[in-house]
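# Quick one, what's the 3D model for this:
(one chain, ligands or ions: 2)
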Amino acid sequence: MAKELLSGNEAIARGAYEAGVTFASAYPGTPSTEILENVVRYKEVIHAQWGVNEKTAMEEALGASFTGARALVAMKHVGLNVAADPLFSASYIGATGALIIISADDPGMHSSQNEQDNRHYAIAAKIPVLEPSDSQEAKDMVIEAVKISESFDTPVLIRMTTRTSHSRSAVELGERLEPPVPEYKSDFFKRNLLPGNARRRHVLVEERQKKLAVFSDDFKYNTVIKGKNRIGVVASGVSYQYGREVFPDASFLKLAMPYPFPVNLFKRFAAKLDTIYILEENDPIIETFARLVEPGKKIIGKDVFPLLGEMSQDVVQASLKLKDLTPRFDVNTIPRRPPSLCTGCPHTALFYNLGLQKVNSRGDIGCYTLGALPPLSAMDTCVDMGASITVLLGIEKALAKAEKTIKQVAVIGDSTFFHSGITGLIDVIYNKGQSTVVILDNSITAMTGHQENPGSGTTLMGETAPRIDIVKLVRDGLGLEHTYEVDGYDVKAIKELLKREILRPEPSVIVVRRPCILLYRKAKWSPMRVDGEACTSCKVCLRLGCPAISSDADGKAFINEALCSGCGVCAQVCAFKAISFVDDKGLHSSSITLESYLSGDRS
Ligand code: SF4
Ligand code: SF4
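Ligands and ions are numbered 1, 2, ... in the order given. From the prediction side, this is the model:
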């Protein structure tokens with residue numbers, strides 16, 4: 001069989017293909033995004049789609065499973081919080097066709113607001129969880145998960161982590177299993193969770209748990225590797241790879257299915273060992289079971305290894321005091337490079353204006369969250385997807401009770417608005433909120449790499465689709481009269497709209513529109529330049545935080561022409577007309593509107 005070098009996410013997609021999956025859904029989120037982007041390579045045989053959020057994606061996959069089709073749904077770890085409601089129902093309902101749930105956890109929080117360990121969800125929902133340790137296992141375990149799902153009538157959770165999702169290793173490819181022919185047959189007692197039915201289904205879930213615990217003891221990927229001494233290591237996921245390096249002579253129990261915990265397998269493994277190390281990322285889940293099963297054994301786990309962050313060979317060695325990870329130089333001497341919005345980002349002018357007007361703003365999850373950092377410092381809260389609008393309303397109402405008010409807005413991106421912001425806006429309108437919601441509309445899910453959303457006019461399958469216009473949706477659909485749109489690069493228009501709407505004692509929505517600058521990566525931008533004679537060193541343009549602007553040795557503003565995209569925002573804020581185009585030969589981003597982008601101008 002052919003071999004290919006695949007990332008874990010690519011391997012999951014390949015596994016879906018080989019396992020005979022015919023339906024796949026997801027909401028993009030790092031580190032899971034590339035799963036669906038690769039599933040769509042098999043669009044001849046798999047229907048793949050973005051849901052507006054993880055809950056809809058999960059329910060759509062469950063619906064597909066009702067027909068006997070094999071379904072896969074993928075999300076990042078916090079997405080499973082959004083999808084938790086259907087997850088728990090799916091556990092009771094079971095799987096007619098296989099239902100495979102991929103959760104990509106993010107130990108170390110490379111791109112997330114927490115580092116929750118989603119194996120807890122498997123335990124709480126009473127479904128099995130698999131943890132691949134490399135790309136080959138990621139692919140193979142999708143196929144195993146399909147078999148488990150259909151044999152035990154259960155959804156199966158596959159827990160990936162950042163490293164297993166993004167690391168590449170060789171994968172042996174296989175043939176595709178013949179998928180079942182989908183057919184919808186009604187099954188009222190199984191799929192309608194009226195309390196009377198749910199009580200009966202719960203009994204079946206508990207019986208299933210017992211059978212799965214027996215299965216876990218013999219699961220072929222729960223492997224024992226005999227060592228040369230009386231030290232044992234129990235490891236799951238990528239931690240297994242690190243453990244092999246650090247403990248070359250130890251015996252290993254590689255737990256690919258940590259839950260239900262293989263009690264008898266662990267007992268047999270532990271019997272001849274003096275000390276057992278448990279290596280797992282995030283929480284002590286395997287460790288807790290191990291300590292319960294063998295309370296008298298010397299078990300070393302999170303008392304030594306860290307609960308926080310990613311595991312690595314170095315971390316394991318440092319935890320055991322085999323290695324000193326203290327840097328050999330003073331890290332404070334390294335110049336700081338705080339993350340910032342991109343040069344020419346169409347959100348910069350909005351954040352600059354919020355700062356000018358001293359508006360307190362509720363932020364949300366997206367690339368624009370970087371506007372919270374200096375010098376823009378435009379948001380002082382960011383909670384979870386969609387929370388900008390609801391947190392805004394809560395603050396407003398609590399203050400109103402004490403007859404107080406503050407100038408505040410909620411700032412949310414278009415994809416996050418579709419995900420879970422729209423329900424918050426309905427709350428604002430229904431509960432007679434008075435604040436302003438700013439929707440940053442670039443008609444794409446920018447943060448995770450430009451995935452399509454309902455405002456894009458295209459689908460993951462590459463087909464054209466109805467484009468949901470946020471202005472029309474809010475004004476005509478929700479009936480919010482004070483709904484306005486403004487150009488993201490028009491500093492003056494944004495300023496005037498904000499000034500007016502913040503004072504309005506009614507709810508309002510401002511849709512700030514421009515395509516993401518990174519969609520034009522290959523464009524030859526015509527940059528701007530500072531006229532040193534005209535520049536007074538007032539440094540107002542530096543407050544934009546554009547990475548292309550700095551000040552030179554004389555304190556004058558300086559624009560790095562290699563970075564500048566010619567958006568023209570800095571020229572608008574300069575009161576001394578010191579900034580202008582170098583020439584007009586190339587393309588400047590200010591000439592690209594959302595309309596021209598959506599109509600296909602992507603030079
Ligand atoms: S805003 Fe204009 S005058 Fe002020 S530093 Fe920038 S370029 Fe110079
Ligand atoms: S025109 Fe000004 S604000 Fe826009 S990218 Fe260039 S330097 Fe930055």
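# On the three-state scheme, the residue of the stretch 51-200 of the chain found nearest ligand 2 is what?
Using C-beta to the nearest ligand atom, Ser111 is the residue of the stretch 51-200 of the chain that sits closest to ligand 2, at 24.3 Å. Yep, even glycine has a C-beta here, placed from its N, CA and C like the rest. For Ser111, the assignment made with DSSP: H, G, I helix; E, B strand; the rest coil gives coil.
# now do the one 4 residues further on
Reduced to three states with three-state DSSP, the structure at Glu115 is coil.
# Could you give the average pLDDT over the longest helix anywhere in the chain?
Identified as the longest helix of the chain according to DSSP state H is helix 195-218. The average pLDDT within helix 195-218 is 96.
# from the chain's centre, how far out does it sit?
Mean-position distance between helix 195-218 and its chain equals 31 Å (C-alpha atoms, centre = their mean, to the nearest Å).
# now for it, which elements pack on it?
Under the contact criterion of 3 or more C-beta pairs under 8 Å, 6 or more residues apart in numbering; DSSP states H and E, helix 195-218 touches helix 84-93, helix 135-152, helix 188-191, helix 263-270.
# Pick out the residue in the stretch 251-400 of the chain sitting closest to ligand 1.
For the stretch 251-400 of the chain, C-beta to the nearest ligand atom, closest residue to ligand 1: Tyr352, 11.6 Å.
# How about that residue: what's its closest non-neighbour residue?
Nearest residue to Tyr352 in three dimensions, chain neighbours excluded: Leu544, at 5.4 Å (C-beta to C-beta, 6 or more residues apart in numbering).
# Buried residues, the longest helix of the chain. List them.
Residues Asn197, Arg201, Val205, Arg208, Gln209, Leu212, Ala213, Phe215, Ser216, Asp217 are the ones in helix 195-218 that count as buried (16 or more other C-beta atoms under 10 Å).
# picking up where we left off before, quick check, the residue of the stretch 51-200 of the chain closest to ligand 2 in contact with Ser32.
No: using C-beta atoms under 8 Å as the test, Ser111 is too far from Ser32 to be in contact (10.6 Å).
# between those two, who's got more neighbours?
Per other C-beta atoms under 10 Å, whichever of Ser111 and Ser32 has more neighbours is Ser32, with 28 against 15.
# Please report the distance of the more buried one from Asn114.
Distance of Ser32 to Asn114, computed by C-beta to C-beta, to the nearest Å: 15 Å.
# Same question for Val214.
Counting by C-beta to C-beta - Val214 and Asn114 are separated by 34 Å.
# Would you mind naming what in the chain lies close to ligand 2?
343-344, 528, 544, 546, 548-549, 559, 564-570 (C-beta under 6 Å from any ligand atom).
# what's the most distant pair in those?
The span of those, defined through C-beta to C-beta, is set by Leu544 and Gly566 at 14.0 Å.
# Check the secondary structure at Ile102 for me.
strand.
# is it true that it touches Ala13?
No: assessed by C-beta under 8 Å, Ile102 is found out of contact with Ala13, at 9.9 Å.
# Common neighbours of those two, please.
Ile35 (C-beta atoms under 8 Å, 6 or more residues apart in numbering).
# Could I get the full set of helices for the stretch 301-450 of the chain?
313-319, 348-356, 387-401, 414-416, 422-430 (DSSP state H, counting those that start in this stretch).
# where does the residue nearest to Tyr352 sit relative to ligand 1, distance-wise?
Computed as C-beta to the nearest ligand atom, to the nearest Å, the Leu544 to ligand 1 distance reads 9 Å.
# per-residue confidence at that residue?
96.
# That one: how many residues sit nearby?
Neighbours of Leu544 using other C-beta under 10 Å come to 26.
# Great, nothing more from me.
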